[in-house]
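Q: Got a sequence here, can you model it:
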Amino acid sequence: MIGAGPAGLQASYLLSRAGRDHLVLEAGDAPGAFFTRFPRHRTLISINKPNTGWDDPELNLRTDWNSLLSDDPDLLFTRYTPRYFPDADVMLRYLGDFAAKHDLPVRYGTSVVEVTRPDDFVVRDQRGGTYRARRLIVATGVSRPYLPPIDGVELAERYYDVSVDPADFTGQRVLIIGRGNSAFETADNLVETAAVIHVAGPGSLKLAWQTHFVGHLRAVNNNFLDTYQLKSQNALLDGRVLDLRRDGDGFLARVAFARVAERVKEIRYDRVIVATGFRFDASIFAPGCRPRLTINDRFPEQTAAWESVNVPDLFFAGTITQARDFKKSTSGFIHGFRYGVVALHRILEHRYHGVPWPSRDLAPEAVADAVVERVNRTSALWQMFGFLADVVLVGSDGALRYAEEVPLAHLHEAVGRGDFGDVESYFAVTLEYGADHDKVNPFDITAGRTAQDDTSGLDGRYLHPVVRHFRAGALLGEHHLTENLENEWDSEDVHRAPLRSFLRARLAPAAVGTA
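A: Residues are numbered from 1 along each chain as shown. Prediction:
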């Protein structure tokens, strides 16, 4: 495995527990080297809530976005700090403790400079040492800075090394190119000292509270928007920066404004900062085993099993797996990919060691209660909404089995291959936001929301359980449980009875073999 960040440590923990021979190579001197530099202003945007009012550790993981999964209750991030938005240095201490207490086989100070594949994978480090492996997991995150195609962009300062001391910008006019959290984190830091701050980039600004994608602009970083809308000298420029050129001690930037038919205006600045994100770095791979990239070359392209589409036995873990659910769920973040790593481990255990996906037998009359119990507790389905599913597997003899936390896309493929054994049909249980949820303003009381005593649940926009019946990947039936303010789907009349009715109809002998 390459990389001892959160995903690498999570995978190593699971491999160690299963007794699998593996080694983790890490360029840094300790786990989580990314967090030694990022975020630049040292405040994480992943929430940490020790005081939930719940005693259930599974439920508590819904509001703990930083913990890795283990059997040690002392290795919960919520034990390390009470801060809702923690300091990045706490993450470094936590990851170091996680690796040490589990005695994970990490080789630090080892930079991978080349990966070839004459037969097995051969990994070469900076000292010329080589390592051979039949399978390779890459958990390196996104490490290659992205520079947009702007003439003169090389003149700008970079987010990753620009000064974070606001005093260095006193009285200056600053342009920040970028529309994400790093750009706004930088802008917020300069509000008290800079004379003028402009944040520029194409497209509409996406707010996480509305899209439910936590990689979009978070409220903790959007104070800058107040200063713009309340006319305090700062501004959000909706348009493209066409080019930059020097003008004495400063810069001239030509901006094509989207709101006024691409009208171009030249604006002078003292400083220009580029905060346009990072990409996966595939340069260590020799041409014969270099993974194909996707989404404008941001991430490696992956199958439903997180395997390279063009290099067999090359797998990915961590934030780079968001290629599978880009801007739709949470694979780009610890609270999402920790569950993805568990699923990857189960896939590898089945493929290479013949270990079946864990499941338990169910009686027909117990299915509805099992579903309700899980949707009221699960953190995996809660965090990886619309991506991971619990599954009720129906055998040809009518026997029922319940499997938890299966990637939905992998499920359809695996059932088709027979990976789950004898399956005549199956029910997938997910938590999902409703259609067009990002077009609804939750603060507009005239917009309306689904009534909490509406037993159909079909018009729900907020997160709610969905149960779908499939045969060979084809949808046979669908049932939505009505959304609930406190996410408690246990009302007999509103939730349980309609679900039982749906399941009874789908499991009845008359339903077998018919759509």
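Q: Extract the residue ranges of this protein that are flagged as low pLDDT.
A: Scanning the chain for pLDDT under 70 picks out the ranges 444-459, 509-515.
Q: hmm, 50 instead?
A: When residues are selected by pLDDT under 50, those of the chain lie in 510-515.
Q: Do a quick rundown of the helices in it.
A: 6-17, 57-60, 88-101, 181-190, 208-211, 223-229, 334-353, 367-375, 380-383, 408-417, 497-507 (DSSP state H).
Q: So what sits opposite Y269 in the bridge?
A: Residues in a beta bridge with Y269, per DSSP bridges, are F251.
Q: Can you give me the neighbour number for P358?
A: 11 (other CB atoms under 10 Å). Just so you know, the C-beta spots here come from the backbone N, C-alpha and C atoms, and that holds for glycine as well.
Q: Which residue is the nearest non-sequential neighbour of A183?
A: Nearest non-adjacent residue to A183, counting by CB to CB, 6 or more residues apart in numbering: A275, 4.0 Å away.
Q: now do F387
A: F387's closest residue in space is S329 (CB to CB, 6+ apart), at 4.3 Å.
Q: which strand in the chain runs the most residues?
A: In the chain, with assignment by DSSP state E, the single longest strand is strand 235-247.
Q: Please enumerate residues in contact with that one?
A: 148, 150-153, 155-156, 175, 177, 196-202, 204-205, 224-225, 228, 251-259, 262, 264, 268, 272 (CB atoms under 8 Å, 6 or more residues apart in numbering).
Q: Does T140 touch R279 like I think?
A: No: counting by CB atoms under 8 Å, T140 stays clear of R279, with 11.4 Å between them.
Q: More neighbours: which of the two?
A: Ranked by neighbour count (other CB under 10 Å), T140 and R279 place T140 first, with 27 against 17.
Q: Tell me the spacing between the nearest residue to that one once chain neighbours are set aside and L25.
A: Leaving out its chain neighbours, the residue that sits closest to T140 by CB to CB, 6+ apart is G3, at 4.2 Å. From G3 across to L25, the span is 8 Å (CB to CB, to the nearest Å).
Q: which of these two has more neighbours?
A: Between G3 and L25, counted using other CB under 10 Å, G3 has the larger neighbour count: 29 against 21.
Q: where's the more buried one relative to Y108, distance?
A: 12 Å.
Q: now swap in M384 and tell me
A: Taking CB to CB, one finds M384 at 30 Å from Y108.
Q: who's in contact with the residue nearest to L244 when sequence neighbours are not counted?
A: Spatial nearest neighbour of L244, excluding adjacent residues (CB to CB, 6+ apart): G152 at 3.6 Å. By CB under 8 Å, 6+ apart, the contact set of G152 is D243, L244, R245.
Q: Can you add distance to L59 and neighbour count and give those residues back as TSV?
A: Shown next, in TSV, are the contacts of G152 (distance: CB to CB, whole Å; neighbours: other CB atoms under 10 Å):
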residue	distance to L59	neighbour count
D243	52	14
L244	50	22
R245	56	12
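Q: Which of the residues you listed sits closest to L92?
A: L244 (35.2 Å; CB to CB).
Q: picking that back up, which of the contacts of strand 235-247 are buried?
A: 150, 152-153, 156, 175, 177, 196-201, 224-225, 228, 251-256, 272 (16 or more other CB atoms under 10 Å).
Q: hang on, the earlier thing: correct me, but the residue nearest to T140 touches V24?
A: Yes: counting by CB under 8 Å, V24 is a contact partner of G3 at 7.4 Å.
Q: Take the contacts of strand 235-247 and keep only those in strands.
A: Using DSSP E, 175, 177, 196-201, 251-257, 264, 268, 272 are the members of the contacts of strand 235-247 that sit in strands.
Q: From the centre of the chain, point out the most distant residue.
A: G248 (43.4 Å; CA atoms, centre = their mean).
Q: what about it, distance to D270?
A: For G248, the distance to D270 - CB to CB - is 10 Å.
Q: For the nearest residue to A363 once chain neighbours are set aside, list each beta-bridge partner.
A: Nearest non-adjacent residue to A363, counting by CB to CB, 6+ apart: L400, 7.2 Å away. Counting by DSSP bridges, L400 is bridged to L362, V394.
Q: Compute the number of surrounding residues for L400.
A: Based on other CB under 10 Å, the number of other residues close to L400 is 20.
Q: Repeat that for R134.
A: R134 - counted by other CB under 10 Å - has 9 other residues nearby.
Q: Next, the contact list for it, please.
A: Applying CB under 8 Å, 6+ apart, we find R134 in contact with D120, F121, D313.
Q: What sits closest to the first one if chain neighbours are left out?
A: Taking CB to CB, 6+ apart, and ignoring the residues beside it in sequence, D120 has R132 as its nearest neighbour in space, at 4.8 Å.
Q: That neighbour against P118, yeah?
A: No: using CB under 8 Å, R132 is not in contact with P118; the gap is 9.6 Å.
Q: and for G3 and Y108, which residues touch both?
A: E26.
Q: Can I get the longest strand of the chain as CSV, trimmed to CA atoms?
A: Extracted in CSV, the C-alpha atoms of strand 235-247 (Å, rounded to 0.1, in the frame of the first residue of the first chain):
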residue,chain,number,x,y,z
ALA,A,235,-16.6,41.0,-4.1
LEU,A,236,-17.3,37.7,-5.7
LEU,A,237,-16.5,37.9,-9.4
ASP,A,238,-18.7,35.7,-11.5
GLY,A,239,-16.5,35.1,-14.5
ARG,A,240,-13.3,33.9,-16.0
VAL,A,241,-9.9,35.3,-15.4
LEU,A,242,-8.5,35.5,-18.9
ASP,A,243,-4.9,36.5,-18.2
LEU,A,244,-2.5,38.1,-15.8
ARG,A,245,0.4,40.4,-16.4
ARG,A,246,2.7,42.5,-14.3
ASP,A,247,2.1,46.2,-13.8
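Q: Centre of the chain to it, how far?
A: Distance of strand 235-247 from the chain centroid (CA atoms, centre = their mean, to the nearest Å) equals 31 Å.
Q: Going by neighbour count, list what's buried in it.
A: A235, L236, L237, D238, G239, R240, V241, L244.
Q: got JSON lines for those residues, with distance to A389 too?
A: Output for these, formatted as JSON lines (distance: CB to CB, whole Å):
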{"residue": "A235", "distance to A389": "44"}
{"residue": "L236", "distance to A389": "38"}
{"residue": "L237", "distance to A389": "42"}
{"residue": "D238", "distance to A389": "38"}
{"residue": "G239", "distance to A389": "41"}
{"residue": "R240", "distance to A389": "40"}
{"residue": "V241", "distance to A389": "42"}
{"residue": "L244", "distance to A389": "48"}
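Q: between the residues you listed, which is closest to E58?
A: For the buried residues of strand 235-247, the residue nearest E58 by CB to CB is L236; the value is 40.3 Å.
Q: where's that closest one relative to N310, distance?
A: From L236 across to N310, the span is 40 Å (CB to CB).
Q: same deal with P442?
A: 42 Å.
Q: List the single closest residue to T63 in space, sequence neighbours excluded.
A: That would be K49: by CB to CB, 6+ apart, it lies 3.9 Å from T63.
Q: oh, I was asking about D243
A: D151 (3.8 Å).
Q: Now do the same contact list for the one you found.
A: Neighbours of D151 in contact, by CB under 8 Å, 6+ apart: L242, D243, L244.
Q: how does it look with 10 Å?
A: V241, L242, D243, L244, R245, R254 (CB atoms under 10 Å, 6 or more residues apart in numbering).
Q: Check I177 too.
A: I177 sits next to 147-148, 150, 153, 156, 159, 183, 198-201, 237, 240-241, 244, 253, 272-276 when contact means CB under 10 Å, 6+ apart.
Q: swap in S143?
A: G3, A27, A33, F34, F278, R279, F280, D281, I320.
Q: Closest one of those residues to A435?
A: So of those, ranked by how close each gets to A435 (CB to CB), first place is I320, at 28.6 Å.
Q: What distance do you get for the closest one to P31?
A: I320 sits 17 Å away from P31, going by CB to CB.
Q: Sounds good, over and out.
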